[in-house]
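**Q** How does the following fold in three dimensions:
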Amino acid sequence: MPAPSETTTTQRPLDADAFARYAVRDPLEVAHLLKALVEKRLLLTAFIDGGESFITLTLAVTDDGAVIVDACPDEIRNAKAGSAARLVCTTRLDNVKLQFALETPARIDYAGRPALRAALPESIIRLQRREFYRLPTPQTEPLVCVITHVPENGRRQEVLVRIVDISGGGLAVLVPPRELPFEPGTEYSQCSLRLPDGNPLPVSLKVRNLFEVEKANGVKVLRAGCEFMGLSNPATARIQRYMFKLERDRRMREEH
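**A** I've put the predicted structure just below:
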């Protein structure tokens, strides 16, 4: 079965099950994303039980764990929204597609205007450009991966490689001088990704491409673009949490 693609679902909600691996589930991260929608006053498209839709706005994220969105100006459609089992909301934040479901929204008055209130969604699908948005890793806290290789002589090798960027679909590494054969198509099924937020994460990698890069000091290095193979949903979620923290830290540095 081919990987899900956003291109055929631009005008409709994404299949939440098909894109579950891209879901942010941490309650703090969910609240953070929704508050960003409030601060930037980004428009949402809300689908009533997956059918007809209307344009709305995220008005507030409350301290008691609820989200409030603007009502639909059309009263008939607003009544449908207020009695719906769910509203599936989609938008874009910093060119990243977001989708979340508001379960059993209730009609309320908020700041003197009609609105809809629902519990904070359990998850938000966060689909980056081309599904795999690449982020450079910090030089001050290098991210590394240990690749286990068993050559023809049978002597097991564990080689540490430096990761220069990472995405939900793979990573790019600095190719070690001699320890490992890096050629397009080479597969390494026993790798250990050392993320800073817990135990090493077991992953499998396939080398997709090689390219030479000249550093600022004139030294030329070889990089390999590698694809994750068979990455589980929990592993994907953990990588996305790490990427989310990288982005958040970068923005904080830019603001200060």
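**Q** Contact partners for residue 145?
**A** By C-beta atoms under 8 Å, 6 or more residues apart in numbering, the contact list for residue 145 reads 160, 161, 163, 171, 173, 191, 192, 193, 194, 203, 205. From N, CA and C alone the C-beta is placed, and that goes for glycine too.
**Q** what's the following helix or strand after the helix or strand where the last one lies?
**A** Residue 205 belongs to strand 201-214 when elements are defined using DSSP states H and E. Past strand 201-214, heading to the C-terminal end, the next element that is a helix or strand (DSSP H and E) is strand 220-228.
**Q** quick one: contacts of that next one?
**A** In contact with strand 220-228 (C-beta under 8 Å, 6+ apart) are residues 164, 169-175, 182, 203-215.
**Q** what's the model's confidence in stretch 184-191, averaged?
**A** The average pLDDT within stretch 184-191 is 90.
**Q** I meant stretch 97-112, not that one.
**A** Per-residue pLDDT values over stretch 97-112 give a mean of 93.
**Q** and the contacts of strand 220-228, which are buried?
**A** If you count burial by 16 or more other C-beta atoms under 10 Å, the buried members of the contacts of strand 220-228 come out as 164, 169-175, 182, 203, 205-207.
**Q** from those residues, which is closest to residue 110?
**A** Nearest to residue 110 out of the buried ones among the contacts of strand 220-228 is residue 169 (C-beta to C-beta; 40.0 Å).
**Q** I'd like the distance between the closest one and residue 231.
**A** 8 Å (C-beta to C-beta, to the nearest Å).
**Q** Over to residue 198?
**A** 16 Å.
**Q** With neighbour numbers in mind, choose between the two.
**A** Neighbour totals were compared for residue 198 and residue 231, and residue 231 leads with 18 against 10 (other C-beta atoms under 10 Å).
**Q** Next, the more buried one: secondary structure please.
**A** coil (DSSP: H, G, I helix; E, B strand; the rest coil).
**Q** What distance do you get for it to residue 187?
**A** 14 Å.
**Q** Now for these two: what residues contact both?
**A** Contact with both residue 231 and residue 187 is made by residues residue 204, according to C-beta under 8 Å, 6+ apart.
**Q** does residue 77 count as helix, strand or coil?
**A** From three-state DSSP, the assignment for residue 77 is helix.
**Q** excluding its backbone neighbours, what's nearest it?
**A** Nearest non-adjacent residue to residue 77, counting by C-beta to C-beta, 6 or more residues apart in numbering: residue 54, 5.6 Å away.
**Q** quick one: contacts for that neighbour?
**A** Taking C-beta under 8 Å, 6+ apart as the test, what residue 54 contacts is 45, 46, 48, 72, 73, 74, 77, 81.
**Q** Right, I'll leave it there.
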